[in-house]
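Enquirer: Turn this into a structure:
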Amino acid sequence: MMAKNGKDACGINGDVPSVSSHCSNEAFANKSHSAVVNGAAMEASSHSRLQNGGTGAERFTFSPEPTIEDIRRMQAEFTDERDWNQFHQPRNLLLAMVGEVGEVSELFQWRGEVAEGLPNWTECEREQLAQELSDVMIYLVELAEKCHVDLPQAVLRKMALNRLKYPASKVHGSAKKYTEYKD
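Expert: Coordinates of the predicted model:
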């Protein structure tokens, strides 16, 4: 869990949103709220709420900003301001990220299959998921930075490799591993 103000209520404590693991306060879903990122408040728009939880027929898309580089820069500034680089070495960042992945897993535990768009989730539960996924991404981006991996370029290379390993003509509609396909 990265910086959060407790887990007692789904709502806002001071300037920083906090979300309960129980998410029982539905008032949160009806209030406009601000997300505080490195001191800069960003208003949640109805567009982002629709993107985060909507069930429209259109394919989900991310907002264009911030970029991965923007996130890297914001986290580097956040870490520098607190003199935390001494703790943010690759092994520690990896273990912290794995812990955050565990927190994401807890949100899905015991729910059975969950439909795309999370139609049965409350706004509070969606916000909690957004916060936990953000923690994972922040740690991933910082880990890549500390390991000197240009993440966007690595993704492009990996996607090209995946296209070779999983040609659409061979794998369409199948979940087999690439080693199971015959030529």
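Enquirer: For Met159, see how far away the nearest residue to Tyr178 once chain neighbours are set aside is.
Expert: Leaving out its chain neighbours, the residue that sits closest to Tyr178 by C-beta to C-beta, 6 or more residues apart in numbering is Lys165, at 4.2 Å. Heads up, the C-betas are built off the backbone N, CA and C, glycines and all. For Lys165, the distance to Met159 (C-beta to C-beta, to the nearest Å) stands at 11 Å.
Enquirer: Looking at these two, which is more packed in?
Expert: Lys165 (13 against 9; other C-beta atoms under 10 Å).
Enquirer: Next one, pLDDT for that one please.
Expert: pLDDT, Lys165: 92.
Enquirer: The longest helix belonging to the chain: which residues count as buried?
Expert: Using DSSP state H, we find that the single longest helix of the chain is helix 123-146. Using 16 or more other C-beta atoms under 10 Å as the test for burial, helix 123-146 gives 123-132, 135-136, 138-146.
Enquirer: repeat for stretch 159-170
Expert: For stretch 159-170, using 16+ other C-beta under 10 Å, no residue counts as buried.
Enquirer: Against Asn85, how distant is Phe93?
Expert: Heads up, residue 93 is Leu, not Phe. The gap separating Leu93 from Asn85 is 11 Å, by C-beta to C-beta.
Enquirer: between those two, who's got more neighbours?
Expert: Legend: neighbour count by other C-beta under 10 Å for Leu93 and Asn85, higher for Leu93 (21 against 12).
Enquirer: from what I can see that one touches Lys146, true?
Expert: Yes: Leu93 is in contact with Lys146 according to C-beta atoms under 8 Å; the separation is 6.3 Å.
Enquirer: which phi and psi does the nearest residue to Tyr181 once chain neighbours are set aside have?
Expert: Excluding the flanking residues, the one nearest Tyr181 by C-beta to C-beta, 6+ apart is Lys170, at 5.3 Å. Taking degrees, to the nearest 10, you get phi -100, psi -30 for the backbone angles of Lys170.
Enquirer: Appreciated, that's everything.
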